[in-house]
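[1] Next input, structure requested:
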Amino acid sequence: MEKILSYIESNKQRYLSELKDFLAIPSVSSQSNHNGDIQLCAQWVADHMKSIGMQNIRIMTTPGHPVVYSEWLGAPGAPTVLLYGHYDVQPVDPLNLWTSPPFEMTIRGENIFARGSADDKGQVFIHLKGIEAMMKHNGKLPVNIKMLIEGEEEIGSRNLEDFVKQNKELLKANLVLISDSSMYAKGVPSIAYGLRGLAYLEIEVTGPNRDLHSGTYGGAVHNPVQALSELIASLHDKNNKVNIPGFYNDVRQLTKVERAAYKKLPHSDKAYAKDLKVKELWGEKGFSTLERTWARPTLEVNGMWGGYIGEGAKTVLPSKAFAKISCRLVPDQKSGKISKLVVNHIKKIAPMSIDVNVILHHGGEAAITPIDSPGVKAAVAALEKGFGKKPLYQREGGSIPIVVQFKKLLGLDTVLLGFGLPDENAHSPDEHLNIDHFYGGIKTSVHFFNELPNYWNAKSKKKK
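    From the prediction side, this is the model:
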């Protein structure tokens, strides 16, 4: 390992030069004028896989953007890691809010600025360099690796589930490794072991058959905007719990180990509120802020509109009002069941003075990997060696639907080994990746691949 780590140290500038080329490709998956760039980026990934010693490299077509696959299977008896990431990026608008051009990598202070630096090109590149370092000095890897790098993550991975279904044999592995998330804070290495799920709905409230004059009809007709506001206001009780019967029935409770782990994180409610510029925090009583954002379900209004919102006055009583609602879910809750509970409750409490239609958009289940699993243990050991500190445990409040699909379709748990930071503007102007985390990530990558067989073998011996 000393020679491998020395190789990483001596190639830092080359890594930045290569990363600059990768980040220069404007692989925006949501905009058709960048379809050529998507193809160019997929080819760049494939070519780079070849240059570091990966084999059976394929650019595989889908009904949308291509998937890049490669493998190295020269470690018989060792576990096989399915390494997932994505090479597509978010749009860059508004362009005027970028300090430097989004596709011209710039280093300012201690950060690498460019679209895709943190989400997810930079983190994919970290593992490419980890693999390269091991292959350069050993001519082999301590584990088998299959790489699956897609081009549609930023548009919902719309074709990935079918791709996985059609390629189950090709994607057979022992666990999934994803680096597309964040550590808790700079200098605080942490391992994410859980994600929340999602149920997304839209409410349409209809009152009169047309917009009305508020002077002529006001006081006689229930205003849909007011009715919708009343409905939404009733969805939480005085303790800020979701006020829908059955909503919490299947919630998996936090263990004592998890609660103790969260208390070790350097969290401050006061600093959290100050950063957000709110006078006080809000949430379900009886739980800490971290517990509420990681391990408790929520119901949030994502948007609400109706009536006249243009310049000046228009005294209208609107015919319709709308709201978009998302429920973040935790392990053991099912998105389909929660969606039905919300729909049925809203329709039940809706007054006769309005009509309510609730549209189901999409959903996904929560995911959790046991913290005593061999993959998580190997990640913890690797982070400690890569960053020089014993890592802490965390969950993430967001959702990565493909994690659930990997479990459902391939039976694989996922290790979330992210190297980003929460404030790196992943979907905003001036996206960046901390340069120390970039180099620390490369070191962690080689340590993870080196440590995994030990923990995997320990698991196998324990079963016997």
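[2] Which residue, other than its chain neighbours, is closest to the residue most central in space within the chain?
    Closest to where the C-alpha atoms of the chain average out (Cα atoms, centre = their mean) is I400, at 4.5 Å. Nearest non-adjacent residue to I400, counting by Cβ to Cβ, 6 or more residues apart in numbering: L195, 5.5 Å away. (Glycine included, C-beta is placed from N, CA and C.)
[3] again, but for I149
    Nearest one to I149, counting by Cβ to Cβ, 6+ apart, is V68 at 4.5 Å.
[4] Can you give me the neighbour number for the one you found?
    26 (other Cβ atoms under 10 Å).
[5] sec struct for G336, please.
    Secondary structure, DSSP: H, G, I helix; E, B strand; the rest coil: G336 is helix.
[6] Report the contact partners of it.
    Counting by Cβ atoms under 8 Å, 6 or more residues apart in numbering, G336 makes contact with A199, G363.
[7] helix/strand/coil for A273?
    helix.
[8] From what I see, it and T289 are in contact.
    No. The pair A273 / T289 is not scored as a contact, 9.2 Å apart, by Cβ atoms under 8 Å.
[9] Between the two, which contacts overlap?
    Common neighbours of A273 and T289 (Cβ under 8 Å, 6+ apart) are L281.
[10] Okay, buried residues for the helix ranked longest in the chain please.
    Taking DSSP state H as the criterion, the chain has its longest helix at helix 435-463. Neighbour-count burial for helix 435-463 flags 435, 437-453, 455-456, 459 (criterion: 16 or more other Cβ atoms under 10 Å).
[11] hey, where'd the helices end up in the stretch 101-250 of the chain?
    121-138, 160-166, 214-217, 224-233 (DSSP state H, counting those that start in this stretch).
[12] Quick one: closest of those helices to D180.
    helix 121-138 (6.0 Å; Cβ to Cβ).
[13] Please identify the buried residues of that closest one?
    The neighbour-count check on helix 121-138 (16+ other Cβ under 10 Å) flags 121-135, 137 as buried.
[14] and if you look at stretch 391-410?
    Neighbour-count burial for stretch 391-410 [16+ other Cβ under 10 Å]: 391-397, 399-407, 410.
[15] coming back round to it: so the residue nearest to the centre of the chain is in contact with I178, correct?
    Yes. Between I400 and I178 there is a contact under Cβ under 8 Å: 7.1 Å.
[16] so what sits against both of the two?
    Counting by Cβ under 8 Å, 6+ apart, the common neighbours of I400 and I178 are L416.
[17] All the strands of the stretch 201-350 of the chain, residue numbers only.
    Secondary structure of the stretch 201-350 of the chain (DSSP state E, counting those that start in this stretch): strands located at 212-213, 298-306, 316-317, 320-329.
[18] For I354, find the nearest of those strands.
    Closest approach to I354 among those is made by strand 320-329 (8.8 Å; Cβ to Cβ).
[19] Hey, what's the angle from the closest one to strand 298-306? Just curious.
    Here strand 320-329 runs at an angle of 160 degrees relative to strand 298-306 (axes from the mean of the first three to the mean of the last three Cα atoms, to 10 degrees).
[20] per-residue pLDDT, the nearest residue to S445 once chain neighbours are set aside?
    Leaving aside its chain neighbours, S445 sits nearest to G130 (2.9 Å; criterion: Cβ to Cβ, 6+ apart). G130 is assigned a pLDDT of 98 by the prediction.
[21] start the count at 101, not 1, going forward
    All set: I'll call the first residue 101, so the last point we hit is now G230.
[22] Touching, P418 and V325? I think so.
    Yes. Applying Cβ under 8 Å, one finds P418 in contact with V325, separated by 6.0 Å.
[23] Overlap in contacts, those two.
    With Cβ under 8 Å, 6+ apart, P418 and V325 have common neighbours G406, G407.
[24] which SSE is K103 in?
    helix 102-110 (DSSP states H and E).
[25] counting contacts, what elements does that helix pack onto?
    With contacts taken as 3 or more Cβ pairs under 8 Å, 6 or more residues apart in numbering; DSSP states H and E, helix 102-110 sits against helix 221-238, helix 535-563.
[26] pLDDT on the longest one, on average?
    Okay, so that is helix 535-563. Averaging pLDDT along helix 535-563 yields 90.
[27] Distance from the chain centre to it, please.
    22 Å (Cα atoms, centre = their mean, to the nearest Å).
[28] That one packs against which elements?
    helix 102-110, helix 112-123, strand 211-213, helix 221-238, helix 474-487.
[29] How about the shortest one?
    Counting contacts by 3+ Cβ pairs under 8 Å, 6+ apart, the secondary-structure elements packed against helix 221-238 are helix 102-110, helix 112-123, helix 135-151, strand 180-186, helix 535-563.
[30] mind checking which of the ones you listed is nearest E411?
    helix 135-151 (38.1 Å).
[31] Can you tell me which helices and strands that closest one packs against?
    helix 112-123, strand 155-160, strand 167-172, helix 221-238.
[32] same thing but at 10 Å, please
    helix 112-123, strand 155-160, strand 167-172, helix 221-238, strand 244-250 (3 or more Cβ pairs under 10 Å, 6 or more residues apart in numbering; DSSP states H and E).
[33] Looking at those, spot the one closest to Y184.
    Judging the helices and strands packed on helix 135-151 by Cβ to Cβ, what sits closest to Y184 is strand 244-250, at 5.0 Å.
[34] Just give the number of residues close to the residue lying closest to D220 once chain neighbours are set aside.
    Nearest-residue entry for D220: D280, 4.6 Å, with adjacent residues in sequence omitted and distances by Cβ to Cβ, 6+ apart. Residues lying near D280 (other Cβ under 10 Å) number 22.
[35] got the contact list for D280?
    Neighbouring residues of D280 by Cβ atoms under 10 Å, 6 or more residues apart in numbering: 184-186, 218-220, 223-224, 253, 500, 502-503, 516-520, 526.
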